[in-house]
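>>> what follows is a predicted structure for the sequence shown.
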Amino acid sequence: METKKGKIIVICAPSGSGKSTIINNILDAGDIDMQFSISATNRAPRPGEQHGVHYYFMSTDEFREAISRDEFIEWEQVYPGRYYGTLRSQVIKAADEGHNVILDIDVKGALSVKDIFGDQALTIFIKAPSLDDLRERLIARGTDKPEVIAQRLAKAEYELDFARKMDAVVVNADIDRAVAETRSLITDFIARD
Ligand code: 5GP
């Protein structure tokens, strides 16, 4: 009998929308068979981030080489000079073996993955209640300099436009409710044929 392929769950959101908290919460609960797809990037690790756990951190040259070896399902220049890509090795084998895979990628990447995987993929957009709210969260997080926060907010405004192209949108006004809502979207989708 042929193994049923795993599903591809794509979570995208402007940074500061609570996306990582939602993903970690769902993965840590451990009741859904799901693997996190570790992306590659040429950006520097933030404090506490580990190579091979949060990202595969690469130099720009290494990233370019990976592109030329066709190692990515999709890749994007998410911020000027900053590249991020979904590695084939993180997604295809796991899905073919029947495991579900969850991706945390930007809006353009999400649409590319949807194009490739079609009904096997579910795209979920996590939205902060407002841009002001998002600004406050980014400041409170304290990981980015003011110019980086400004860059992320501009990007967020642009990304909000993409929300309507996703399969589902979750508004994160309350983190527990947002986790519950995202989780039920995922479990319903996984249960489908
Ligand atoms: P950060 O630098 O905050 O970790 O990520 C910045 C943005 O890049 C986030 O929106 C994140 O979802 C996105 N991103 C991370 N990995 C990938 C990837 O493999 N492909 C694409 N297209 N975007 C990614």
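Looks like it came in fine. Residues are numbered from 1 along each chain as shown.
>>> show me what residue of the protein gets nearest to the ligand.
Gly109 (2.4 Å; Cβ to the nearest ligand atom). Where you see a C-beta, it was placed from the backbone N, CA and C, and this is true even at glycine.
>>> contacts for the helix or strand that residue falls within, please.
Using DSSP states H and E, Gly109 maps to helix 107-117. Contact with helix 107-117 is made by 8, 10, 12, 73-76, 84, 86, 103, 105, 121, 123, 125, 159, 162, 165-167, as judged by Cβ atoms under 8 Å, 6 or more residues apart in numbering.
>>> of the residues you listed, which belong to helices?
Among the contacts of helix 107-117, DSSP state H puts Glu159 in helices.
>>> run through the contacts of helix 107-117 and flag the ones next to the ligand.
Checking these against the ligand by Cβ under 6 Å from any ligand atom, the ones in range are Cys12, Glu74, Glu76, Tyr84, Thr86, Ile105.
>>> count of neighbours near Ile126?
By the measure other Cβ atoms under 10 Å, the count of residues near Ile126 is 26.
>>> how far away is it from Thr3?
Look at Ile126 and Thr3: by Cβ to Cβ, to the nearest Å, they are 30 Å apart.
>>> again with Val10
Note on Val10: its distance to Thr3, by Cβ to Cβ, is 22 Å.
>>> more crowded one of those two?
Legend: neighbour count by other Cβ under 10 Å for Val10 and Thr3, higher for Val10 (26 against 9).
>>> which strand residues bridge that one?
Beta bridges link Val10 to Leu103, Thr123 when assigned by DSSP bridges.
>>> what's the answer for Leu87, then?
The partner list for Leu87 in beta bridges (DSSP bridges) reads Phe72.
>>> that one reaches Phe36, doesn't it?
No - using Cβ atoms under 8 Å, Leu87 is not in contact with Phe36; the gap is 12.0 Å.
>>> just the CA atoms of the helix or strand containing Asp188, as PDB, please.
Secondary-structure element containing Asp188, defined by DSSP H and E: helix 175-191. Taking C-alpha atoms only, helix 175-191 is exported to PDB below (Å, rounded to 0.1, in the frame of the first residue of the first chain):
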ATOM      1  CA  ILE A 175      -2.300  34.300  22.100                       C
ATOM      2  CA  ASP A 176      -4.200  31.300  23.700                       C
ATOM      3  CA  ARG A 177      -7.100  31.700  21.400                       C
ATOM      4  CA  ALA A 178      -4.800  32.200  18.400                       C
ATOM      5  CA  VAL A 179      -3.000  28.900  19.300                       C
ATOM      6  CA  ALA A 180      -6.300  27.100  19.600                       C
ATOM      7  CA  GLU A 181      -7.600  28.400  16.400                       C
ATOM      8  CA  THR A 182      -4.500  27.600  14.400                       C
ATOM      9  CA  ARG A 183      -4.300  24.200  16.000                       C
ATOM     10  CA  SER A 184      -7.900  23.400  14.900                       C
ATOM     11  CA  LEU A 185      -7.300  24.600  11.400                       C
ATOM     12  CA  ILE A 186      -4.300  22.300  11.200                       C
ATOM     13  CA  THR A 187      -5.900  19.200  12.800                       C
ATOM     14  CA  ASP A 188      -9.000  19.600  10.500                       C
ATOM     15  CA  PHE A 189      -6.700  19.900   7.400                       C
ATOM     16  CA  ILE A 190      -4.600  16.900   8.400                       C
ATOM     17  CA  ALA A 191      -7.700  14.800   8.900                       C
END
